[in-house]
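Asker: give me a 3D structure for the following:
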Amino acid sequence: MKKLATLGRKERAVIEERRRSGYRRDALEHFDGELEPHLRALVSRLIPGVQDNIDLAGFVDAHAEKPLGRGDRAPDLPPAPELLRRGLQALAGCDFAGLPETEQDHLIGRMRRGEADDELGLAAKEFVDRLLVLALAGYLAHPDTWERIGFNGPAFPEGYAWITPTATLKRHRGFPGAGRL
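Answerer: Numbers count the residues shown, from 1 in each chain. A predicted model of the protein is given here:
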């Protein structure tokens, strides 16, 4: 990864904060109480092997109401925060966190295939897919993951040093909005 000294002040501050906190929160705000163990169990089954210093459940909780990604949804689905809450409540109802991992994985598979809607009383595929996308966003935004996957870190504030303004214009020629570059 790039040396922190080569990054701008804002980029350095974000990286240092993510490393320091690992997204940990004193208490979950949206999915606390009986929902927290089910959120933690689901996230750990969806993305196994995450380093202990990265709290993806904390990231999901912190970003539950922030729009990440496209933000589209079917007309009959509630907004993402409500869908996540309903899904976790359904998992709490079947004691997901208390199930053996093989049964958790089996239920996740049925949810991902859209086969658990009646059992859970909601659009299970939409729920688990939304939660997975959110958890992956947190995982891939953490600097320790960058090192693990070989990502070199954020671009310099003015862009990548080896791409000149002329090269950027050539690269974008013919695309909508290229004239604004």
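Asker: under the pLDDT cut-off, which ranges of this protein? List them.
Answerer: 1-5, 67-73, 155-165, 167-181 (pLDDT under 70).
Asker: pull the number of nearby residues for the closest residue to Leu122 other than its chain neighbours.
Answerer: Spatial nearest neighbour of Leu122, excluding adjacent residues (C-beta to C-beta, 6 or more residues apart in numbering): Arg86 at 5.2 Å. (Glycine included, C-beta is placed from N, CA and C.) Neighbour count of Arg86, defined by other C-beta atoms under 10 Å: 17.
Asker: mind checking how far Arg86 is from Asp76?
Answerer: Note on Arg86: its distance to Asp76, by C-beta to C-beta, to the nearest Å, is 13 Å.
Asker: same question, Gln51
Answerer: Distance, Gln51 to Asp76, using C-beta to C-beta: 38 Å.
Asker: those two: which is more packed in?
Answerer: In this view Gln51 and Asp76 are compared by other C-beta under 10 Å, and Gln51 has more residues nearby, 11 against 7.
Asker: state the distance from the more buried one to Gly22.
Answerer: Relative to Gly22, and taking C-beta to C-beta, Gln51 is found at 8 Å.
Asker: so Phe127 makes contact with Pro81?
Answerer: No. With contact defined as C-beta atoms under 8 Å, Phe127 and Pro81 do not form a contacting pair (11.6 Å).
Asker: which one of the two is surrounded by more residues?
Answerer: More crowded of Phe127 and Pro81, by other C-beta under 10 Å: Phe127, with 25 against 15.
Asker: need phi/psi at the more buried one.
Answerer: Dihedral angles of Phe127 (phi, psi; degrees, to the nearest 10) stand at phi -60, psi -50.
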